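>>> have a look at this prediction, sequence included:
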Amino acid sequence: MTSEPTGALPPDAIEVGRVIGAWGIKGAFKVKPFAADPQALFSSKRWFIQPPETPGPTGVGRLTPWPSLLRVVQAKEHGDGVVATAHDVPDRNAAEALKGARIYVSRSSFPTPDDDEFYWVDLIGLDVMDRQGARLGAVIGLIETGPHCVLRIHPAAREGAGTEDLPAKDEILIPFVDAYVDGVDLPARRIQVDWAPDY
């Protein structure tokens with residue numbers, strides 16, 4: 001009987017945070033979550049790890065090879081981040097070696113949001129339509145402003161396409177609030193808004 005590789009990145013893996021350094025002397029490490037509410041980090045005890053895009057210098061305590069999976073013992077909010085411990089990180093040297101690591105969690109493990117709540121990752125790529133059925137573009141990102149989020153929409157964006165070459169001047173910014181958003185239909189991959197292209 002063969003078992004599934006424990007560290008294989010699942011197909012629905014979502015990047016939810018980055019390790020920013022060691023915390024204390026017993027192997028704890030601090031994570032910067034990518035959302036104001038870090039529930040995705042607390043939803044799973046299996047954090048999949050990828051090295052930073054630009055690896056730093058190899059130093060004392062560098063884990064060899066880089067772990068592909070952390071089996072989390074504890075994770076709790078601390079200030080503007082999350083402090084965690086894992087079976088695979090026994091001491092401060094090992095925690096320091098993780099600095100810059102990208103943390104992924106399986107999307108299927110995320111807590112189910114309330115009816116009027118959405119994860120950012122689920123909104124990116126959705127087509128945005130006005131009340132007359134005209135396509136304004138697709139969501140390419142969101143901006144956290146404090147009181148509410150703002151949808152970043154680009155007329156030329158298509159689901160699954162890259163956004164690197166899209167001119168920022170063409171972006172449409174729509175507050176993600178009931179006054180402008182009539183509804184989100186995730187199965188249909190569509191958001192309907194009360195907005196005109198010339199606003």
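Received, thanks. Since we're looking at a predicted model, the values are computed, not measured.

>>> just grab the bridge partners of the nearest residue to residue 121 once chain neighbours are set aside for me.
Among residues not flanking residue 121 along the chain, residue 14 sits closest, at 5.2 Å (C-beta to C-beta, 6 or more residues apart in numbering). (C-beta placed from N, C-alpha, C; glycine too.) Beta-bridge pairing for residue 14 (DSSP bridges): residue 105.

>>> repeat that for residue 141.
Residue 141 has the following beta-bridge partners by DSSP bridges: residue 152.

>>> what about it, neighbour count?
15 (other C-beta atoms under 10 Å).

>>> confidence score at it?
With respect to pLDDT, residue 141 scores 87.

>>> what about the strands in the chain?
Counting by DSSP state E, the chain has strands at residues 13-23, 28-33, 46-50, 69-78, 81-86, 102-106, 127-130, 135-144, 149-154, 172-175, 181-185, 190-193.

>>> residues in contact with the residue nearest to residue 121?
40, 104, 105, 106, 107, 110, 121 (C-beta atoms under 8 Å, 6 or more residues apart in numbering).

>>> how about the strands of the chain in TSV, adding distance to residue 116?
Formatted as TSV, the strands of the chain follow (distance: least, C-beta to C-beta, whole Å):
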stretch	distance to residue 116
strand 13-23	21
strand 28-33	22
strand 46-50	29
strand 69-78	24
strand 81-86	25
strand 102-106	23
strand 127-130	18
strand 135-144	16
strand 149-154	13
strand 172-175	15
strand 181-185	9
strand 190-193	13
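
>>> okay, now residue 179: neighbour count?
Residues contacting residue 179 under the criterion other C-beta under 10 Å number 8.

>>> how about the nearest residue to it, chain neighbours excluded?
Distance criterion C-beta to C-beta, 6+ apart; nearest residue to residue 179, sequence neighbours excluded, is residue 194 at 7.5 Å.

>>> the one you found and residue 182, how far apart?
Residue 194 is 6 Å from residue 182, where distance means C-beta to C-beta, to the nearest Å.

>>> what is in contact with the two at once?
The contact sets of residue 194 and residue 182 overlap at residue 131 (C-beta under 8 Å, 6+ apart).

>>> residue 171 against residue 154, yeah?
Yes. Here residue 171 reaches residue 154: they are 5.5 Å apart, a contact under C-beta atoms under 8 Å.

>>> which of those two has more residues huddled nearby?
Set side by side, residue 171 and residue 154 show more neighbours around residue 154, with 21 against 17, by other C-beta under 10 Å.

>>> so how far is stretch 127-136 from its chain's centroid?
Taking C-alpha atoms, centre = their mean, to the nearest Å, one finds the center of stretch 127-136 at 26 Å from the center of the full chain.

>>> count the neighbours of the nearest residue to residue 182 once chain neighbours are set aside for me.
Using C-beta to C-beta, 6+ apart and skipping residues adjacent in sequence, the residue nearest residue 182 is residue 192, 4.3 Å away. When neighbours are defined as other C-beta under 10 Å, residue 192 has 17 of them.
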